[in-house]
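Enquirer: Give me coordinates for this.
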Amino acid sequence: GFEIKITESLAKGVLVVAYASGGIPHQIIHGKTGYLIDKAVTKSRCSSVANHLHALLTDGELYEKMSLTARESVDEEFFTVYQL
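Expert: Reported below is the predicted structural model:
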């Protein structure tokens, strides 16, 4: 289903790393507003999570760019509807 906490985080520019299940893939644009992780339990999935978190924690320019994109995506998706 729809996770309001994800939308609230993105609206504040807090990036999200989450499983690609339910409605979450409709909320997160992989590589632009956060990262989606495949639910299959594999060693590569763990590496993927670690790599994504490492990139966000060590690359300030990447984080700022994605954070701005996240805030803008929520504004476009939700606030445009209320302006009609």
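
Enquirer: where along this structure do the helices fall?
Expert: Assigned by DSSP state H, the chain shows helices spanning 4-11, 24-27, 43-58, 60-74, 80-83.

Enquirer: pLDDT weak spots in the chain?
Expert: Scanning the chain for pLDDT under 70 picks out 41-43, 79-84.

Enquirer: mind putting the helices of the chain in JSON lines, mean neighbour count and distance to residue 37 included?
Expert: Using the backbone N, CA and C atoms, a C-beta is placed for each residue, glycine as well. Below are the helices of the chain laid out as JSON lines (neighbours: other CB atoms under 10 Å; distance: least, CB to CB, whole Å):
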{"stretch": "helix 4-11", "mean neighbour count": "17", "distance to residue 37": "13"}
{"stretch": "helix 24-27", "mean neighbour count": "16", "distance to residue 37": "10"}
{"stretch": "helix 43-58", "mean neighbour count": "12", "distance to residue 37": "6"}
{"stretch": "helix 60-74", "mean neighbour count": "15", "distance to residue 37": "16"}
{"stretch": "helix 80-83", "mean neighbour count": "7", "distance to residue 37": "29"}
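
Enquirer: Determine which of those helices approaches residue 33 most closely.
Expert: helix 60-74 (4.1 Å; CB to CB).

Enquirer: Throw the helices of the chain into JSON lines and include distance to residue 33, thanks.
Expert: Conversion of the helices of the chain to JSON lines gives the following (distance: least, CB to CB, whole Å):
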{"stretch": "helix 4-11", "distance to residue 33": "6"}
{"stretch": "helix 24-27", "distance to residue 33": "8"}
{"stretch": "helix 43-58", "distance to residue 33": "12"}
{"stretch": "helix 60-74", "distance to residue 33": "4"}
{"stretch": "helix 80-83", "distance to residue 33": "16"}
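
Enquirer: List the contacts of the residue sitting nearest the centre point of the chain.
Expert: Ranked by distance to the mean C-alpha position of the chain (CA atoms, centre = their mean), the top residue is residue 34 at 2.6 Å. Residues in contact with residue 34 (CB atoms under 8 Å, 6 or more residues apart in numbering) are 10, 15, 16, 17, 18, 28, 66, 70.
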